[in-house]
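[1] Need the 3D shape of this:
(chains A, B, C and D)
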Number of protein chains: 2
Amino acid sequence: MTSSETSKKSGDSATKTRTGEAKPLGARARARAEVTAAIKDEARRQLADEGAAKLSLRAVARELGMVSSALYRYFPSRDDLLTALIVDAYDSLGAAAETAHARAVRAEAKPRERWVAVCRAVREWALAHPHEYALIYGSPVPGYTAPQTTVGPASRVGLLLITIVREAVQGPGVHVPRMDEALRDEAERLAADLAPDLPPAVVAALVAAWSQLFGLVSFEVFGQFNRIVEDRPVFFEHAVSQLALGVGLMDD
Amino acid sequence: MTSSETSKKSGDSATKTRTGEAKPLGARARARAEVTAAIKDEARRQLADEGAAKLSLRAVARELGMVSSALYRYFPSRDDLLTALIVDAYDSLGAAAETAHARAVRAEAKPRERWVAVCRAVREWALAHPHEYALIYGSPVPGYTAPQTTVGPASRVGLLLITIVREAVQGPGVHVPRMDEALRDEAERLAADLAPDLPPAVVAALVAAWSQLFGLVSFEVFGQFNRIVEDRPVFFEHAVSQLALGVGLMDD
DNA sequence: GCAAAGCAAGAGCAGTGCTCTCTTTTCAGA
DNA sequence: TCTGAAAAGAGAGCACTGCTCTTGCTTTGC
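    Numbers count the residues shown, from 1 in each chain, chains lettered A, B, ... in the order given. As a prediction, the model looks like this:
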C-alpha cells in the first residue's frame, strides 16, 4: 500500500522533466515533502484526539502504513516532530489573527475594534485547536528547549497588536497611560526593542496586555472558567476591550 | 493534614469506632501515611528535575527501594499520583498567597498594597516551583479530567483576591469600573455566585484580573518573556498594580 | 486464635522512543 | 548509458514505561 503510493509519486513526476523549469524540485524531494506533510497531518490528528502527552511516533507510523524506524528519516526524534507542530501552530494562529486584522482594516474599523477583532480571532482559534494551543501556550512539553525557529512565528500576534496601536497613534491618537517612575528604564528598553516610535508607557502596557490576553484565553481553554464564567464570549469581549483601554486605545 | 484525605480512596475509615472518638491512628495507617508522603516527595523531586512528562512511577518506586507494583497500593495510576501532586500544589500556592496576605494585613497595608503583595507571592511561588506551577496552570496533563477534589484548593487565590476587594469596599471604598450593557447579565450572575455583596461590575473585573494575573505569571514562567522583558519584578509589580486599578482599588 | 484485609514481590503483557543492520530504490556524474 | 553514492524502507532488538495478576507474608479486628 505504501510502496504503491511511493511508486506512483515517482511515476507522475517524470512528466515534469519536460518543462525543465528553474527549480523543478525532483521527484524524490517532492515525495519527501509529501511524506513529511502526511506525518505532520497524522500527528496533528492524534494531537487533537489525545493531546501531546499521548502522541506516539509508532502510532503515527502505523496509521501511515510505514514502520516506525522509517519515520526517523523525517524527524530525528519525537521532540522534533513536536517542534515542527509547534511552529505550524504558531503560524496557523498568526495567520488567523492577521486575517481578522486585515478584514477589520478593510471594514475601516476603529483601532479599538481592530484590537478586539484580533483578540477574538486568537480566542476562536484557541477554542478550535485546544491541544495545539496547549502546545504553544501551555507548559513547555519537551525538556524545555524553545528552538530558534519558533521565535519568528511566535511573535506574529504580538507584532500585530503593536501595529494596531501604531496606526492608532497616526490616526486619532492614543491616550498615553500613566506610568510609575520605577518602570521608566524597563519601558524605554522595551520601546527601543519593540517599537521605538511609540511612547515607552504604551509599549510597556502593550506587553502586559499581550500576556493578559493569553491569560484570558488560557483560563477558558484550560477549563479554569468552568462553573464560573457562563457567557464566555461576552465576558471575553468586555475584558479585551478594557485591555485596549489600558494600552491607550480610545473609542475615537 | 492530608492523611485523612489520602486514605479516603482505600476507605480505611474503620478508625471511626461507635464512640466516634478520634483514634490515634494505628501503626499500619501511620506507615501508610508515611509511605504515601514519601512517594509524593520523591515524585515532586522528579517533577522538579524533569517535568511532568518524564515522571515515572517505576523510577519513583526504584528510588524508594520498592517494586513498582507495590506503589499501586497507594496510587491506583500515574494520573492519580499527578492529581495528588496537583492538589498539593494548589494548596501550597494558596498557603503562600494567604501568608503574604496575612503579613500585609498585619502591616496595615492599604488594599492596593495587599493586592500587590498577594500577586507577588503568586509569582514568587511560581518561579520557585515552575514545574508544579505548570502542572496546575499549564496544559492539563492527564486525559483532561479535573477531579472534584481540586476545585477547593484551586480557588484559594481567587477567594483571597475577592476578600481584598471586599475589605476595601468596607474601608475607603472602591471605584466601581464602567461596564458595558452587554455584560450586565453575566456580571450579575458572577456576583451572585462569587460575592453577592460586591457590585457586579467589580466582580466581573475581578474575574478578568484573576485570569490576567496568571497570564503575566505564565508568560514569565514559560519563557514567553525571554529576550523581551528584562526587569521582570518591576514590570510585574507595575502590571498587577494596574490590574488593581482595573478592579477599582484606588490608592486611598 | 483466626479469618480477612493490607501489603510487598515478581513475572508478564503491551506499548513506547530510539538504534542498528540489511536491502531496495533513486539520482547524478563520468 | 552505466555506476556508485545517497536516500529510503523493513525488521530486529534494547531499555524503558504503565499496569495487571498471582503468590506468599504480615497486620488487624472480631
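[2] Quick check, central residue of chain A?
    The residue lying closest to the centre of chain A (Cα atoms, centre = their mean) is A:Y90, at 2.4 Å.
[3] I'd say it and A:Y137 touch.
    No: judged on Cβ atoms under 8 Å, A:Y90 makes no contact with A:Y137 at a distance of 9.8 Å. Where C-beta positions appear, they are placed from N, C-alpha and C, glycine not excepted.
[4] so what's A:E230 up against?
    Neighbouring residues of A:E230 by Cβ atoms under 8 Å, 6 or more residues apart in numbering or on different chains: B:186, B:189.
[5] Give me the secondary structure label for it.
    coil (DSSP: H, G, I helix; E, B strand; the rest coil).
[6] Give me the phi and psi angles of A:R78.
    A:R78 adopts backbone torsions of phi -60, psi -40, taken as degrees, to the nearest 10.
[7] residues contacting it?
    Contacts of A:R78 by Cβ under 8 Å, 6+ apart are A:55, A:57.
[8] if you set the cut-off to 10 Å instead, what comes out?
    For A:R78, the contact set (Cβ atoms under 10 Å, 6 or more residues apart in numbering or on different chains) comprises A:43, A:55-58, A:60, A:71-72, A:141-142.
[9] A:L93 against A:S155, yeah?
    No: using Cβ atoms under 10 Å, A:L93 makes no contact with A:S155, being 11.4 Å away.
[10] Give me the more crowded residue out of the two.
    Applying other Cβ atoms under 10 Å in any protein chain shown to A:L93 and A:S155 shows that A:L93 carries more neighbours, namely 23 against 17.
[11] Which strands or helices does the strand or helix carrying A:A205 pack on?
    Using DSSP states H and E, A:A205 maps to helix A:200-221. Contacts defined by 3 or more Cβ pairs under 10 Å, 6 or more residues apart in numbering or on different chains; DSSP states H and E place helix A:200-221 against helix A:111-128, helix A:130-137, helix A:156-170, helix A:184-194, helix A:232-246, helix B:130-137, helix B:200-221, helix B:232-246.
[12] returning to what we had before: state the helix or strand in which the residue nearest to the centre of chain A lies.
    Element membership of A:Y90, judged by DSSP H and E, is helix A:78-106.
[13] Show me the shaky parts of the stretch 101-250 of chain A.
    For the stretch 101-250 of chain A, residues meeting the criterion pLDDT under 70 lie at A:141-147, A:172-173.
[14] For it, give the residue positioned nearest to chain B.
    Proximity of the stretch 101-250 of chain A to chain B (Cβ to the nearest Cβ) peaks at A:G215, 1.8 Å away.
[15] ok so, going back, what sits in contact with each of A:Y90 and A:Y137?
    Common neighbours of A:Y90 and A:Y137 (criterion: Cβ under 10 Å, 6+ apart): A:A154.
[16] How about the secondary structure of A:A37?
    helix.
[17] can you give me the offset of the helix holding A:A205 from its chain's centre?
    15 Å (Cα atoms, centre = their mean, to the nearest Å).
[18] now the angle between helix A:184-194 and that helix, please.
    Here helix A:200-221 runs at an angle of 80 degrees relative to helix A:184-194 (axes from the mean of the first three to the mean of the last three Cα atoms, to 10 degrees).
[19] mind listing what's buried in helix A:200-221?
    For helix A:200-221, burial by neighbour count (16 or more other Cβ atoms under 10 Å in any protein chain shown) applies to A:200-221.
[20] the inter-axis angle of it versus helix A:111-128?
    Using the same axes, to 10 degrees, helix A:200-221 lies at 30 degrees relative to helix A:111-128.
[21] quick one: helix A:200-221 to helix A:232-246, angle?
    Interaxial angle of helix A:200-221 relative to helix A:232-246 (the same axes, to 10 degrees): 170 degrees.
[22] Please put the alpha-carbon coordinates of helix A:200-221 into PDB.
    Extracted C-alpha coordinates of helix A:200-221, given in PDB (Å, rounded to 0.1, in the frame of the first residue of the first chain):
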ATOM      1  CA  PRO A 200       7.500  53.800  26.300                       C
ATOM      2  CA  ALA A 201       4.500  53.800  28.600                       C
ATOM      3  CA  VAL A 202       2.300  52.500  25.800                       C
ATOM      4  CA  VAL A 203       4.800  49.700  24.800                       C
ATOM      5  CA  ALA A 204       5.000  48.600  28.400                       C
ATOM      6  CA  ALA A 205       1.200  48.500  28.700                       C
ATOM      7  CA  LEU A 206       1.200  46.600  25.400                       C
ATOM      8  CA  VAL A 207       3.400  43.900  26.500                       C
ATOM      9  CA  ALA A 208       1.400  43.500  29.700                       C
ATOM     10  CA  ALA A 209      -1.900  43.400  27.700                       C
ATOM     11  CA  TRP A 210      -0.400  40.800  25.400                       C
ATOM     12  CA  SER A 211       0.300  38.400  28.200                       C
ATOM     13  CA  GLN A 212      -3.000  39.200  29.800                       C
ATOM     14  CA  LEU A 213      -4.900  38.400  26.600                       C
ATOM     15  CA  PHE A 214      -3.400  34.900  26.700                       C
ATOM     16  CA  GLY A 215      -4.200  34.600  30.400                       C
ATOM     17  CA  LEU A 216      -7.900  35.100  29.500                       C
ATOM     18  CA  VAL A 217      -7.700  32.600  26.600                       C
ATOM     19  CA  SER A 218      -5.700  30.000  28.600                       C
ATOM     20  CA  PHE A 219      -8.200  30.100  31.500                       C
ATOM     21  CA  GLU A 220     -11.000  29.500  29.200                       C
ATOM     22  CA  VAL A 221      -9.300  26.800  27.100                       C
END
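[23] got the contact list for the closest residue to DNA strand D within chain A?
    Going by Cβ to the nearest atom of the strand, DNA strand D is nearest to A:S69 of chain A, at 2.7 Å. The contact partners of A:S69, taken as Cβ under 10 Å, 6+ apart, are A:57-58, A:61.
[24] does it sit in a helix or strand, and which one?
    Remark: A:S69 resides in helix A:68-71, with elements defined by DSSP H and E.
[25] averaged over its residues, what pLDDT does that helix have?
    Mean pLDDT, helix A:68-71: 96.
[26] Run the chain-centre distance for that helix.
    With Cα atoms, centre = their mean, you get 28 Å for helix A:68-71.
[27] is that helix anywhere near DNA strand C?
    Yes: on the criterion Cβ under 7 Å from any atom of the strand, helix A:68-71 is in touch with DNA strand C at A:68-69.
[28] CA atoms only: put that helix into PDB for me.
    What follows is helix A:68-71, C-alpha atoms only, in PDB (Å, rounded to 0.1, in the frame of the first residue of the first chain):
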ATOM      1  CA  SER A  68       8.400   3.300  12.900                       C
ATOM      2  CA  SER A  69      12.100   3.400  12.100                       C
ATOM      3  CA  ALA A  70      11.300   4.800   8.700                       C
ATOM      4  CA  LEU A  71       9.800   7.800  10.400                       C
END
